[in-house]
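Chemist: Below are the sequence and a predicted model; questions follow.
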Number of protein chains: 2
Amino acid sequence: MSLDLAAIRTAHDRIRPYIVRTPVLTNEWLDAACGGRLFFKCENLQHVGAFKARGATNAIFSLSDTAAARGVATHSSGNHAAAVARAARLRGIPAHIVMPSNSNPAKIRNVERYGGRITLCEPTNAAREAACARLIAETGAALIHPFNDFRVMAGQGTAALELLEDHPDLDLILCPVGGGGLLCGTAVAAKTLHPNIRIIATEPAGADDAARSFQAGHILPAARVDTIADGLRTTIGENNFPLIQRYVDEVVTVSESGIIAAMRRLWEELKIIVEPSAAVPLAAILELKVSVTGRRTGIILSGGNVDLDALPFRM
Amino acid sequence: MSLDLAAIRTAHDRIRPYIVRTPVLTNEWLDAACGGRLFFKCENLQHVGAFKARGATNAIFSLSDTAAARGVATHSSGNHAAAVARAARLRGIPAHIVMPSNSNPAKIRNVERYGGRITLCEPTNAAREAACARLIAETGAALIHPFNDFRVMAGQGTAALELLEDHPDLDLILCPVGGGGLLCGTAVAAKTLHPNIRIIATEPAGADDAARSFQAGHILPAARVDTIADGLRTTIGENNFPLIQRYVDEVVTVSESGIIAAMRRLWEELKIIVEPSAAVPLAAILELKVSVTGRRTGIILSGGNVDLDALPFRM
């Protein structure tokens, strides 16, 4: 099994009743600042406040009735967790969620109110996976991995499908990369529909595993993981990396101050709330890591779950 | 001259190239909280961050070439000012803007960058009107009043026109009221298209001139003007009041803490930035001043211009 446009189209038909067709916003001041046209696909306005609703819903509604009856389990720093909890509730099955103990409180609350059963663990990949494996052994729940799962990637790719339905003439698409679920879905959808579109992955320099891996030709961990972009702290998945090598043109990294500045700019100009991870693509433009002059650029704004009592604007 | 549906339709055709057709958002949690369905018309996502772009653009593009050549002038606490500056720039004419000296700094910057020529004045209606009259005497500019002008009202009514195109089956519409421009446009559009829709005006108890006037049957000033909702501090206009009497079913008032709580709720749930004035309708629902149980309710979110360095959330 792998990922192709047909799987993304099937996912779109499957999840359509359960997701928002999010608007694409433009802004005259951001266009003027970068000398091109920017088209923001607002997945912060998606259910659960993030694109993650797409992939989790596709994966959970793909399960057979027998498998679904045993419930689902996952580990996630937050948005995927809420997405799994929501989709499980829509399907009427239990969701077991492992979350790192340093998760953003807003993201924990978001899981709780969808009825997810939360287990907190140490904030390491190893601890997350161990806790999740234990839950699955106990319950027989199906693992819904946040990114290393082709059903999840297919669901995430539906955002790019919609973006390109609304704006088929984009020259490039910028996408944040954490584990690679959104990036793979976006890249496969866009490159298959329009082979000339450039796909640029953007990530924090403080979580630069995708950039290092892309350059090395095999998966490498980040030099260090230290970023405000809490959605992008994970290492790219084994199933994601080959697709990234094949479909992504470039991986660029941005600074922490660039992320915060871009986040504030998006709040001020677009009048929408985006989380730090979602600001990474605009940071890449504002830090001149990507040239968009004279081009039509799609940007996936990945999510909007922030703690309003802990804003980074005065750092 | 007065205001009717035909004028609103003409305005819509005139301004369409210059405005955003703003999205209508819904939210499962806010629906659950109020027991009905809420449809938020997001004028915070409009150019200049407020519905005001509609009315100012209609008024300014209605001017004859001769009149337009002498420029335009207005007084406004901010959003209308930016809207006039933007529309004047689109038409290629000067805009003279009188703003009260206590205007929100974000709103002043918003006028400046559209090239508006700002004159600051004392924060009273009398001082605003005097400064504006002086400017007009000096320049021959055409007054674009923020609300007491049928061309402006017609433009503001185009938001409700779009909302009802997208969702024709609303049972009621909630709208904030300051001077009455948005309210008159909304009420005339909605009541003419669907006579059974209830139109409910919402305003801060700390600027309750519309509620007092509606009850008394003639225009009365607010008992006192003390509200965080800076867009709603003005008194309703002479041309607005008769339309409010004829087309509006009810005027309700809300508390300051209710406005702040509703504003935060909108930020958290819808992932959009709204200014305090825009939160007044939801405050009316959450304070149980309006029953929306089992109903389909349209809400005009009027604007999103706030100073991110001075958020009221920790008050």
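Modeler: Thanks, I have the structure now.
Chemist: When you work out contacts or count neighbours from here on, use the C-alpha atoms and nothing else.
Modeler: OK.
Chemist: Residue of the stretch 51-200 of chain A nearest chain B, please.
Modeler: Using Cα to the nearest Cα, A:A106 is the residue of the stretch 51-200 of chain A that sits closest to chain B, at 9.1 Å.
Chemist: For the helix or strand that that residue is a member of, which outside residues touch it?
Modeler: Following DSSP states H and E, the helix or strand that holds A:A106 is helix A:105-113. Helix A:105-113 has contacts (Cα atoms under 8 Å, 6 or more residues apart in numbering or on different chains) with A:48, A:77-79, A:81-83, A:85-86, A:99, A:118, A:305-307.
Chemist: how does it look with 7 Å?
Modeler: A:78-79, A:81-82, A:85, A:305-307 (Cα atoms under 7 Å, 6 or more residues apart in numbering or on different chains).
Chemist: now it, how far from the chain's geometric center?
Modeler: Helix A:105-113 has its C-alpha centroid displaced from the chain centroid by 17 Å (Cα atoms, centre = their mean, to the nearest Å).
Chemist: And the residue of the stretch 51-200 of chain A closest to chain B, what's its pLDDT?
Modeler: The model reports A:A106 with a pLDDT of 76.
Chemist: quick revisit: helices or strands next to the next helix or strand along the chain from the helix holding A:A106 in the packing?
Modeler: Per DSSP H and E, helix A:105-113 leads on to strand A:117-121 as the next helix or strand towards the C-terminus. Applying 3 or more Cα pairs under 7 Å, 6 or more residues apart in numbering or on different chains; DSSP states H and E, one finds that strand A:117-121 makes contact with strand A:95-100.
Chemist: pLDDT on the strand it packs on, on average?
Modeler: On average, strand A:95-100 scores 94.
Chemist: repeat for stretch A:164-174
Modeler: Rounded mean pLDDT across stretch A:164-174 is 98.
Chemist: does that stretch come close to chain B?
Modeler: No: contact of stretch A:164-174 with chain B (Cα under 7 Å from any Cα of the partner chain) is absent, the minimum separation being 14.0 Å.
Chemist: Could you check that stretch and say which residues are buried?
Modeler: A:164, A:170-174 (16 or more other Cα atoms under 10 Å in any protein chain shown).
Chemist: and the end-to-end length of it?
Modeler: 13 Å (Cα to Cα, to the nearest Å).
Chemist: Next, count neighbours for A:A223.
Modeler: Look at A:A223: counted by other Cα atoms under 10 Å in any protein chain shown, it has 12 neighbours.
Chemist: Show the model's pLDDT score for the residue lying closest to A:I272 once chain neighbours are set aside.
Modeler: Excluding the flanking residues, the one nearest A:I272 by Cα to Cα, 6 or more residues apart in numbering or on different chains is B:I272, at 4.0 Å. Listed pLDDT for B:I272 reads 98.
Chemist: Determine the three-state secondary structure at A:T297.
Modeler: strand (DSSP: H, G, I helix; E, B strand; the rest coil).
Chemist: quick revisit: max pairwise distance over the buried residues of stretch A:164-174: which two?
Modeler: Using Cα to Cα, the buried residues of stretch A:164-174 span at most 13.0 Å, a distance reached by A:L164 and A:L174.
Chemist: Residues of the stretch 101-250 of chain A that sit close to chain B?
Modeler: Residues of the stretch 101-250 of chain A lying near chain B (Cα under 7 Å from any Cα): none found.
Chemist: now the helices for the stretch 101-250 of chain A?
Modeler: A:105-113, A:125-139, A:150-166, A:181-193, A:209-216, A:241-247 (DSSP state H, counting those that start in this stretch).
Chemist: got a list of what the residue nearest to A:N239 when sequence neighbours are not counted touches?
Modeler: The shortest distance from A:N239 to any non-neighbouring residue, by Cα to Cα, 6+ apart, is to A:N148 (5.5 Å). Applying Cα under 7 Å, 6+ apart to A:N148 gives the contacts A:181, A:237-240.
Chemist: of those, buried ones?
Modeler: Buried among the contacts of A:N148 (16+ other Cα under 10 Å): A:181, A:237, A:239-240.
Chemist: Can you get me a residue count around whatever residue of the stretch 151-300 of chain A ends up closest to chain B?
Modeler: The minimum distance from the stretch 151-300 of chain A to chain B, using Cα to the nearest Cα, falls at A:I272 (4.0 Å). When neighbours are counted by other Cα under 10 Å, A:I272 registers 25.
Chemist: Check whether it really touches B:V274, as I assumed.
Modeler: No: here A:I272 lies out of contact with B:V274, judged by Cα atoms under 7 Å, at a distance of 8.6 Å.
Chemist: nearest to A:G35, of the contacts of A:N148?
Modeler: Closest to A:G35, out of all of the contacts of A:N148 and judged by Cα to Cα, is A:G181, at 29.9 Å.
Chemist: Which segments of chain A make up each domain?
Modeler: A:5-51+A:150-301, A:53-143 (automatic domain parsing).
Chemist: rank those domains by pLDDT, which is bottom?
Modeler: domain A:53-143 has the lowest average pLDDT among the domains of chain A, namely a mean of 93.
Chemist: And chain B, is stretch A:308-315 touching that?
Modeler: No: using Cα under 7 Å from any Cα, stretch A:308-315 stays clear of chain B, with a minimum separation of 7.9 Å.
Chemist: returning to what we had before: just flag the most distant two among the buried ones among the contacts of A:N148.
Modeler: Of all pairs in these, the most separated under Cα to Cα is A:G181 and A:N239 at 9.3 Å.
Chemist: centroid residue for chain A?
Modeler: A:L182 (4.6 Å; Cα atoms, centre = their mean).
Chemist: ok, back up a step: in the helix holding A:A106, which residues are buried?
Modeler: For helix A:105-113, by 16+ other Cα under 10 Å, it's A:106-108, A:110-112.
Chemist: Same check on stretch A:32-47?
Modeler: Those would be A:34, A:36-47, for stretch A:32-47 by 16+ other Cα under 10 Å.
Chemist: Please list which of these are also close to chain B.
Modeler: Applying Cα under 7 Å from any Cα to these, those adjacent to chain B are A:44-45.
Chemist: list the contacts for A:T234?
Modeler: A:178-179.
Chemist: Need the pLDDT of A:M315.
Modeler: Reported pLDDT for A:M315: 38.
Chemist: any idea how far stretch A:9-20 is from the chain center?
Modeler: 17 Å.
Chemist: Show me the contact partners of that stretch.
Modeler: In contact with stretch A:9-20 (Cα under 7 Å, 6+ apart) are residues A:46-47, A:54, A:57-58, A:154-155, A:158.
Chemist: For A:L220, give me its contacts.
Modeler: Counted by Cα under 7 Å, 6+ apart, A:L220 has contacts A:209, A:212-213.
Chemist: likewise A:F51?
Modeler: A:F51 touches A:43, A:156, A:302-303, counting by Cα under 7 Å, 6+ apart.
Chemist: mind checking how far A:E122 is from A:P221?
Modeler: For A:E122 relative to A:P221 (Cα to Cα), the value is 18 Å.
Chemist: Looking at these two, which one has more neighbours?
Modeler: The neighbour count for A:E122 versus A:P221, taken as other Cα under 10 Å, is higher for A:P221 (17 against 14).
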